[in-house]
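Undergrad: Predicted model and sequence below, questions to follow.
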Amino acid sequence: MSHRTTLVLAALLSATGAAIAGPTCTEEPQSKWLSEAEMTKRFQALGYKDDVKKLHVSKGKCWEIYGTDKQGRKVEVYFHPVTGAIAEENVKN
């Protein structure tokens, strides 16, 4: 394998890893964050079905919620933990 090919592969793997990791949301202390209950209510108020499968803090310090959207598709949604704004949404197959 050539040096150039190795560099290209390394760059692609690095970019893929960043995409999988999700967004970075905040450095604010958790005392300023919306609670799990508040995030669940916000998730539901935005029209996602009320079957929150998992809610946890992502590596990028976002609330990460798994559930179902209006069309019945499985989704992974990252929320800014202070503002509650959607930072990223991924539809799962």
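TA: Now that the structure is in, tell me what you want to look at.
Undergrad: C-alpha only now, for contacts and for neighbours.
TA: Fine.
Undergrad: Quick one: low-confidence residue ranges for this protein.
TA: Along the chain, segments meeting pLDDT under 70 span 1-21, 50.
Undergrad: Just the strands from it, written as ranges.
TA: Assigned by DSSP state E, the strands in the chain fall at 54-57, 63-68, 74-79, 86-91.
Undergrad: which other helices and strands contact the second one?
TA: The one in question is strand 63-68. Using 3 or more C-alpha pairs under 8 Å, 6 or more residues apart in numbering; DSSP states H and E as the contact test, the elements touching strand 63-68 are strand 54-57, strand 74-79.
Undergrad: deepest of those strands, which one?
TA: Burial of these is given as mean neighbour count (mean count of other C-alpha atoms under 10 Å); strand 74-79 ranks first at a mean of 22.
Undergrad: same for that strand, what does it pack against?
TA: Packing contacts for strand 74-79, counted by 3+ C-alpha pairs under 8 Å, 6+ apart, involve strand 63-68, strand 86-91.
Undergrad: Starting from the first one, tell me which strands it pairs with and how they run.
TA: Each strand pairing with strand 63-68, determined using DSSP bridges, is listed with its direction: strand 54-57 (antiparallel), strand 74-79 (antiparallel).
Undergrad: swap in the last one?
TA: Partners of strand 86-91 in the sheet, by DSSP bridges, are strand 74-79 (antiparallel).
Undergrad: returning to what we had before: go through the strands paired with strand 63-68 and name the closest to residue 48.
TA: When these are compared by C-alpha to C-alpha, strand 74-79 sits nearest residue 48, at 8.9 Å.
Undergrad: Quick check: closest non-adjacent residue to the residue sitting nearest the centre point of the chain.
TA: Taking C-alpha atoms, centre = their mean as the criterion, residue 78 is the residue nearest the geometric centre of the chain, at 3.0 Å. Excluding the flanking residues, the one nearest residue 78 by C-alpha to C-alpha, 6 or more residues apart in numbering is residue 64, at 4.5 Å.
Undergrad: who touches the residue lying closest to residue 24 once chain neighbours are set aside in this structure?
TA: Residue nearest to residue 24 in three dimensions, not counting chain neighbours: residue 60, with 4.0 Å by C-alpha to C-alpha, 6+ apart. Taking C-alpha atoms under 8 Å, 6 or more residues apart in numbering, we find residue 60 in contact with 21, 22, 23, 24, 25, 26.
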